[in-house]
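Peer 1: Provide a 3D model corresponding to the input given below.
(one chain, ligands or ions: 2)
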Amino acid sequence: MSRVPPPSVLPLDVAPEVADALAAGGAVVALESTIVAHGLPYPDNLAVARALEAAVRGGGAVPATIAVVAGRVKVGLDDAALAALAEHGARFAKTGAGELAVHLARGGDAATTVSATAVLAARAGIRVFATGGIGGVHRGATGDVSHDLPALARTPIAVVSAGAKAILDLPRTLETLETLGVLVVGYGTGELPAFYTRSSGLALDHRVDDARALAAICRMRWDGLHQGGVLVCNPIPEDAALDRAMIDGAIDEALAAADAEGVTGKRLTPYLLARLARVTGGAAVAANRALAANNARVGAALAAALTPS
Ligand code: PSU
Ligand code: MN
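Peer 2: Ligands and ions are numbered 1, 2, ... in the order given. You can find the predicted model right below:
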């Protein structure tokens, strides 16, 4: 019996720096592209994309921003590709894990959401992924639940986030994570963070206070139990957190506007985030940047703690 794995039909381009780090068992942190293409306005999105990569490097790990470019999976974008993603975000489709095959088979360009990024990162052998906030259960009775949740359940990766976006129904999102079997762990907190603010009032069952303790849990989950995703909930730094009444008011306004304009489906999350950016005079963008960079730092620490010593 041959031990040579069958050739993969997946068009996967791993950047040399990322491939070298993975081959050496080094620390790599995946980053998503939807937050760049569709989650933040240009040119703030490019500044955030670069700041996230810098934060990962500052933590001693190699960043790998993931996107689909001309029908190929790119694991690690160079600066020119990152700039194109930020400047021409509208030309990139927004893809979840379920639709990846279409964009790849057709040779398209697509920004990857949390679900798609998690699946592709795991496929490339990356075990840590840092982002802003994951998708989840939307408010109201539309039945819109992000594919991020089931994808995390089955993908062996740690996603470092500031919880789920505050535009969502957080109690239902937490319940659904539990139903699906995603392990949710507070990082220095016993509460689900509320993205722009540090607390939601929703208690978490599990808390860790350092990357080593988190790495031990991740290893047991993946290598011992062959289970899926770990959602690491890292609250926004105190000095960057927004005033709760201000951001809650802005979210209510954005949700009402989306409802009045009939915005649903894939467009809903980008619409709400753009509206929040405008209504808060940029405060939402600044907070998003601060929390994402903080997640990138924790991601780097976790990736380092997971490397074989
Ligand atoms: N969080 C942010 N900005 C974003 C997103 C999350 O702060 O742009 C993106 C992520 O890519 C996430 C996606 O996976 O929104 C969820 O979209 P949907 O609700 O359509 O599944
Ligand atoms: Mn959705």
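Peer 1: From now on I want contacts and neighbour counts done on CA atoms only, so please keep to that.
Peer 2: Will do.
Peer 1: what about the longest strand along the chain, near ligand 1?
Peer 2: With DSSP state E setting the assignment, residue counts place strand 62-69 as the longest strand in the chain. No. In terms of CA under 6 Å from any ligand atom, no part of strand 62-69 sits within range of ligand 1; the closest distance is 11.1 Å.
Peer 1: Please give me every residue in contact with R244.
Peer 2: For R244, the residues meeting the contact criterion (CA atoms under 8 Å, 6 or more residues apart in numbering) are 196-197.
Peer 1: hmm, try it at 7 Å
Peer 2: Listed by CA atoms under 7 Å, 6 or more residues apart in numbering, the contact partners of R244 are T197.
Peer 1: For stretch 164-182, list every residue counted as buried.
Peer 2: Taking 16 or more other CA atoms under 10 Å as the basis for neighbour counts, the residues of stretch 164-182 that come out buried are 164-170, 173-174, 176-177, 181-182.
Peer 1: Can you flag which of those residues belong to helices?
Peer 2: For these, membership in helices holds for 170, 173-174, 176-177, with DSSP state H as the criterion.
Peer 1: quick one, what contacts the closest residue to A61 other than its chain neighbours?
Peer 2: Here the nearest residue to A61 in space, its sequence neighbours aside, is A27; by CA to CA, 6 or more residues apart in numbering that works out to 4.8 Å. A27 makes contact with 21, 61-62, 303-304, 307, according to CA under 7 Å, 6+ apart.
Peer 1: Next: V14.
Peer 2: When contacts are taken as CA under 7 Å, 6+ apart, V14 is in contact with 74-76.
Peer 1: On the three-state scheme, N295 is what?
Peer 2: Classification of N295 by DSSP: H, G, I helix; E, B strand; the rest coil places it in helix.
Peer 1: actually A111, not the one I wrote
Peer 2: Taking three-state DSSP as the rule, one finds A111 in the strand state.
Peer 1: which is the next helix or strand following the helix or strand hosting L22?
Peer 2: Using DSSP states H and E, L22 sits in helix 16-23. Of the helices and strands lying after helix 16-23 in sequence (DSSP H and E), the nearest is strand 28-31.
Peer 1: All set now, cheers.
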